[in-house]
Every structure is written in C-alpha cells, then in structure tokens.
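Peer 1: Pasting the sequence and the predicted model now:
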Amino acid sequence: MGAGPDARSVLVIEDEPGIAETIALHLQAEGLKVEIVVDGLAALVRLDSPPPDLVLLDLGLPEVSGFRVMNVLRRTPGWERTPVVVATAYNFEEAQEIIRDGIDEFMTKPFDMKDLVERVGAVIRRKSAAT
C-alpha cells in the first residue's frame, strides 16, 4: 500500500540509516508519506519548511542533539503543535529531565516495529480528531 496524495506525513529524524529505512518502510506500508532526515543540523534546516503531520525523533543525533531539535521545534512558528514521538536509546527519566514536556509518545530502543507503527497512527488520529 503506497501513500496517496492526501496521505498523512511523518518526518523521521534518525541517524542510523538501517533503522530509518526500516521505520520508513513500515510507515509507508500503512499509507503514510515519510521523509528521512539523518542529523540534527539537517532537522533544524527542515524547520524552515511546512511541518509534517508528525515528527518521529531520535534524541541521540550527530551535529545537533535531538534535545536541541525538540527545543527549537517547539519554538518554531507553525511547528509548535506538531506531534512528536520520541524513539531513542535514552531512557524516559533521562529524556524527561531535559525535555520536560512536549512529546506525545516515548519509546526506548530497541522497540517493536509494530508497536511503533501503532503509536504513530494513534497520535496522528488524536491530532486529526482534535482539529
């Protein structure tokens, strides 16, 4: 199943190419459009474009950390309400100390791909129902 012209979009910010591609394939199989960004600096540049329906963010990124990306994302006009699912090797307590709030879901690597897809879908549905 491919993504149609009205498909919801997900920005995957993940520095491990194999993980990013696997995530993209699973999300695309659910009919979502997927864009991959491989480091924090590229993610910050991407904030100059229209936001996706959801951001899937790794916190341990090269160039600029995912923590910094999250901080800037929440202060960027048009992006401040974009749902964010964090999928990272950090545990929740470590991440929560730095992020405080602003994430819609949190998953610790390694994660089950089916669970990831279900959570992404649930967050997108909640956002759609709220608008």
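Peer 2: Right, received. Where do you want to start?
Peer 1: Tell me the spacing between Glu30 and Val10.
Peer 2: Using Cβ to Cβ, to the nearest Å, one gets 10 Å for the distance from Glu30 to Val10. All C-beta atoms are positioned from the backbone trio N, CA, C, and that covers glycine.
Peer 1: Would you mind telling me which of these two has the busier surroundings?
Peer 2: Neighbour count, other Cβ atoms under 10 Å: between Glu30 and Val10, Val10 has more, with 26 against 17.
Peer 1: If you count neighbours, what's buried in stretch 21-29?
Peer 2: Ile23, Ala24, His26, Leu27, Gln28 (16 or more other Cβ atoms under 10 Å).
Peer 1: In which helix or strand does the second one reside?
Peer 2: To tie it back to what came earlier, the one meant is Ala24. Using DSSP states H and E, Ala24 maps to helix 17-29.
Peer 1: Give me the pLDDT for Glu105.
Peer 2: The per-residue pLDDT reported for Glu105 equals 86.
Peer 1: Stretch 18-25 - what's its average pLDDT?
Peer 2: Computed over stretch 18-25, the average pLDDT equals 96.
Peer 1: What's the separation between Ala24 and Arg81?
Peer 2: Ala24 is 24 Å from Arg81, by Cβ to Cβ.
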